[in-house]
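Enquirer: below are the sequence and a predicted model; questions follow.
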Amino acid sequence: MILCSATLGLYMVDLQLSPAKLKLYSWHKWLGVTIFLVAVVRLGWRLTHPAPALPATVPAWQQRSAALTHALLYVLLFAVPLSGWLMSSALGVQVVYFGVLPLPDLVEKDKVLGEQLKLAHFSLNVTLLVLVVLHVAAALKHHFLDRDEVLHRMLPAVRSLR
Amino acid sequence: MLRPLLCLLLVLVPALPAGAQRITAIDYGRSEIRFVGKQMGVPAEGRFGKFSAQVDFDPAQPAAGTAAVEIDLSSFDTGTPEADTEVKRKPWLNVAVFPTATFVSTAIKPLGGNRYEVAGKLTIKGRTRELTAPFTVRKDGAASILEGAFTLLRLQFGIGEGPWADTETVADEVQVRFKLTGVPKN
């Protein structure tokens, strides 16, 4: 969903104004709201079901950077959609979920603030993508180089395939 | 006995709260024409910054009233430059060829209380359609405020042609709200 939304976001911004562009913008926003809602559920799950500790073979500095990366990922899961919502409000285009449920505008219409939020939305996304790449790279390292259980824990389906 | 009474009456009558007066001039500083369209279910609001209105309306004799409004379409303003530029282009209002929209009343009738209904002809982009709009009149100091609204179907006027005729994206209905502050001519 995040990849879909990010790709859509990058593609739609440079389009000429057209009905298709308006549709894509709305779909992007609906996806963003959905991601936000799923993130809420996920955070609730994580808070009530803490992740198991990493294997003792993992060095302390890696344990610390893993914890930091995970925390940042959670922050961004909320910050990215929120910055988009704020930006929409500031640019004066309300978010209406599925074209039916209007979300309240978080800030007054303000062009300068809108442009700043646009940059913030973009920067947060770049940060998120960098962290996702790091996260995937680390998981693959655990699997192929360290040959430990970390990836299996993340993806139980991988284990059942064996 | 009669004379003091008459004197009292003469003093009192002008002080009585006057009913809505005949309106013959408009205070543009306190008047506005606003619209709300919808794209993908999202309201898009704006106003026309420039228009002129010739109104002669006496609430006591509504049927004798007349109104003619001319809107400068280049004053279309949503506060979003990209939208404003787009809507003035050929597929939408085609402001270069049709710079104004006009409304000319054909009849005004009372609906009871302070409510009335104006019927007339609305012309946009060279297309003329019949229109009726309810409105109310209320006093505000020396002025009278006429307020009303109607729903315009943009496609009847060819507003948004070609791919923009798709009402799934941009709704056909556009709410138009007007507020005219009438002042008695000096």
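Expert: Cool, the structure landed.
Enquirer: what parts of chain A come near chain B?
Expert: Within chain A, the positions adjacent to chain B are A:17-20, A:22-23, A:25-26, A:91-96, A:98-100, A:102, A:109 by CB under 8 Å from any CB of the partner chain. Where you see a C-beta, it was placed from the backbone N, CA and C, and this is true even at glycine.
Enquirer: same thing but 7 Å
Expert: With CB under 7 Å from any CB of the partner chain as the criterion, chain A meets chain B at residues A:17-19, A:22-23, A:26, A:92-94, A:96, A:99-100, A:109.
Enquirer: hey, where'd the strands end up in chain A?
Expert: Secondary structure of chain A by DSSP state E: the strands cover A:96-97, A:101-102.
Enquirer: low-confidence ranges, the chain, go.
Expert: As the question left the chain open, I've gone with chain A. Filtered on pLDDT under 70, chain A yields the residue ranges A:157-162.
Enquirer: chain B was what I was after
Expert: Scanning chain B for pLDDT under 70 picks out B:1-20, B:185-186.
Enquirer: top of the residues of chain A next to chain B by number of neighbours, please.
Expert: Among the residues of chain A next to chain B, the one with the most neighbours (other CB atoms under 10 Å in any protein chain shown) is A:V93, at 23 neighbours.
Enquirer: OK, contacts around it?
Expert: Counting by CB atoms under 7 Å, 6 or more residues apart in numbering or on different chains, A:V93 makes contact with B:V42.
Enquirer: what about the helices in chain B?
Expert: Remark: helices assigned in chain B by DSSP state H are B:2-15, B:81-88.
Enquirer: save the residues of chain A next to chain B as JSON lines, and put in distance to A:L77 too.
Expert: Shown next, in JSON lines, are the residues of chain A next to chain B (distance: CB to CB, whole Å):
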{"residue": "A:L17", "distance to A:L77": "31"}
{"residue": "A:S18", "distance to A:L77": "31"}
{"residue": "A:P19", "distance to A:L77": "31"}
{"residue": "A:L22", "distance to A:L77": "27"}
{"residue": "A:K23", "distance to A:L77": "25"}
{"residue": "A:S26", "distance to A:L77": "21"}
{"residue": "A:G92", "distance to A:L77": "26"}
{"residue": "A:V93", "distance to A:L77": "23"}
{"residue": "A:Q94", "distance to A:L77": "23"}
{"residue": "A:V96", "distance to A:L77": "22"}
{"residue": "A:G99", "distance to A:L77": "24"}
{"residue": "A:V100", "distance to A:L77": "24"}
{"residue": "A:K109", "distance to A:L77": "27"}
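Enquirer: measure A:Q63 to chain B for me?
Expert: Using CB to the nearest CB, to the nearest Å, A:Q63 is found at 46 Å from chain B.
Enquirer: with adjacent residues omitted, what lies nearest to that residue?
Expert: Computed as CB to CB, 6 or more residues apart in numbering or on different chains, the closest residue to A:Q63 that is not its neighbour in sequence is A:L54, at 5.5 Å.
Enquirer: surely the one you found and A:W61 touch.
Expert: No: if you go by CB atoms under 7 Å, A:L54 and A:W61 don't touch, sitting 12.0 Å apart.
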